[in-house]
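S.K.: Fold the stuff below for me.
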Amino acid sequence: MNIVRTFGFTAFLCACGFAGSALAQDHHDMKGMDMGSMGSMSMSTGGDVVKAGDLEVSGGFAKAMLPGQPVGGGFFTVKNNGSADDRLVSVTSPNAGEVQLHEMAMKDNVMRMRELKDGIAIPAGQTVELAPGNLHLMFQKVKTPFRQGDKVPVTLTFEKAGKVDLVLNVLSAQGK
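M.R.: The predicted structure follows:
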């Protein structure tokens with residue numbers, strides 16, 4: 001792996017919530033990653049609560065992108081106060097050519113990331129958190145790299161609640 005590819009991959013891991021130093025062959029099988037540094041960031045940095053039907057969306061943030069980083073990560077919390085399940089089916093942003101819904105999960109001591117083409121379920125009466133090292137947004141074809149202090153507008157589309165506009169505050173590359 002050449003230095004440019006290694007640096008780009010390291011930046012990719014940071015966008016997804018990894019601060020560990022071990023690198024894997026590809027982003028789908030992340031064996032050996034330092035799991036102790038993931039998922040401990042607070043979601044309280046976002047501003048207002050945005051409501052759509054029975055859903056409340058809050059705590060939105062994105063991470064600043066490192067130089068040469070090809071993708072960005074976005075996070076927020078969705079609370080379903082209703083009696084019916086809903087589903088986040090897509091996300092768009094004027095700041096990126098594409099926004100994918102992703103999941104990272106441990107399986108057989110290997111961290112795996114995959115796109116959730118069917119969306120993210122928001123069960124009735126529950127809260128779903130998109131957080132580093134777990135469910136998250138993956139911004140692809142980013143027009144201008146996210147810098148700390150920037151704002152990233154997104155439109156979330158839910159199966160039942162419809163479209164919701166949200167602004168993600170850009171925190172440091174470490175999510176602070």
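S.K.: going forward, measure contacts and count neighbours with C-alpha atoms only.
M.R.: Fine.
S.K.: OK, contacts around the residue positioned nearest the centre of the chain?
M.R.: Nearest residue to the geometric centre of the chain (C-alpha atoms, centre = their mean): His136, 2.5 Å. By C-alpha atoms under 8 Å, 6 or more residues apart in numbering, the residues touching His136 are 16, 73-75, 101-103, 130.
S.K.: right, and out of the residues you listed, which lies closest to Gly59?
M.R.: Set against Gly59, the nearest of these by C-alpha to C-alpha is Phe75 (7.7 Å).
S.K.: and that closest one, what pLDDT?
M.R.: In this model, Phe75 is scored at 97, pLDDT.
S.K.: Can you name every helix or strand that the host helix or strand of it contacts?
M.R.: Secondary structure assigned from DSSP states H and E places Phe75 in strand 72-80. Here strand 72-80 is seen to pack against helix 3-16, strand 55-63, strand 120-122, strand 127-130, strand 136-142 when contacts are counted using 3 or more C-alpha pairs under 8 Å, 6 or more residues apart in numbering; DSSP states H and E.
S.K.: same thing but 7 Å
M.R.: helix 3-16, strand 55-63, strand 127-130, strand 136-142 (3 or more C-alpha pairs under 7 Å, 6 or more residues apart in numbering; DSSP states H and E).
S.K.: Next, the angle from it to strand 55-63.
M.R.: 160 degrees (axes from the mean of the first three to the mean of the last three C-alpha atoms, to 10 degrees).
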